[in-house]
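>>> next comes the sequence, and after it the predicted model I'd like to discuss.
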Amino acid sequence: MQHPLSLLGTIHTAISIVALVFAAIALVRSGKIEPYSPNGKYYSIFTALGCITAFGLSRAGGFNPGHALAILILVLLAVAYFVGSRPAAAGWGAYLIVFCMYTTLLLSLLPAVNETFTRVPLSHPLATDINSPAIQNTLKGLLLVYVISLVLQFRHIWKGRQVAASK
């Protein structure tokens with residue numbers, strides 16, 4: 001059953017869409033979401049605001065999986081910024097930062113896909129619930145893109161270090 005968006009739900013959705021736009025810009029421009037770049041900072045700020053507003057949302061009342069995702073995303077953002085501010089960022093930390101930032105994006109897309117597919121189009125949504133094939137297949141596709149992106153980014157970091165070491 002389709003539920004209309006509350007005012008907080010509308011605000012949360014708008015904030016979250018802005019975060020995704022900054023993530024897309026960062027990915028197009030540099031191939032990654034760097035937490036200390038301008039787009040990375042805006043992505044992080046809007047993602048954190050999206051997480052905070054998510055705590056006020058619950059169809060069933062009380063703590064739900066969306067709240068757990070929001071907490072995990074906030075922890076991953078904090079780890080990325082903490083590691084990025086340390087000397088480890090030049091070593092193993094570069095891998096951890098990429099992992100954290102990409103994972104925040106994946107985790108943000110999980111509820112986005114579910115909410116979008118169960119609401120759009122308004123007259124006949126693409127899916128009825130999270131178990132619908134359309135949602136399940138999209139989530140599998142996102143997971144595949146996530147794994148491929150991580151592997152490519154890790155490879156890019158490793159190759160950059162190999163080039164730097166050979167100089």
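Here it is on my side, so go on. Residues are numbered from 1 along each chain as shown.
>>> for the chain, give me the ranges with low pLDDT.
1-3, 60 (pLDDT under 70).
>>> all helices of it, in order?
7-30, 38-54, 65-84, 93-117, 133-166 (DSSP state H).
>>> I'd like those as JSON lines, with mean neighbour count and distance to Pro125 appended.
All C-beta spots, glycine's among them, are computed from the backbone N, C-alpha and C. Output for the helices of the chain, formatted as JSON lines (neighbours: other CB atoms under 10 Å; distance: least, CB to CB, whole Å):
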{"stretch": "helix 7-30", "mean neighbour count": "16", "distance to Pro125": "15"}
{"stretch": "helix 38-54", "mean neighbour count": "20", "distance to Pro125": "21"}
{"stretch": "helix 65-84", "mean neighbour count": "17", "distance to Pro125": "18"}
{"stretch": "helix 93-117", "mean neighbour count": "20", "distance to Pro125": "7"}
{"stretch": "helix 133-166", "mean neighbour count": "13", "distance to Pro125": "9"}
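>>> will you turn those into JSON lines that also has distance to His124?
Output for these, formatted as JSON lines (distance: least, CB to CB, whole Å):
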{"stretch": "helix 7-30", "distance to His124": "20"}
{"stretch": "helix 38-54", "distance to His124": "27"}
{"stretch": "helix 65-84", "distance to His124": "24"}
{"stretch": "helix 93-117", "distance to His124": "12"}
{"stretch": "helix 133-166", "distance to His124": "12"}
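>>> OK, contacts around the spatially most central residue of the chain?
With distances taken as CA atoms, centre = their mean, Leu105 lies nearest the centre of the chain, 1.5 Å away. Counting by CB atoms under 8 Å, 6 or more residues apart in numbering, Leu105 makes contact with Leu20, Ala23, Ile33, Tyr146.
>>> make a markdown table out of the residues you listed and add distance to Ala14.
Shown next, in a markdown table, are those (distance: CB to CB, whole Å):
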| residue | distance to Ala14 |
| --- | --- |
| Leu20 | 11 |
| Ala23 | 15 |
| Ile33 | 20 |
| Tyr146 | 24 |
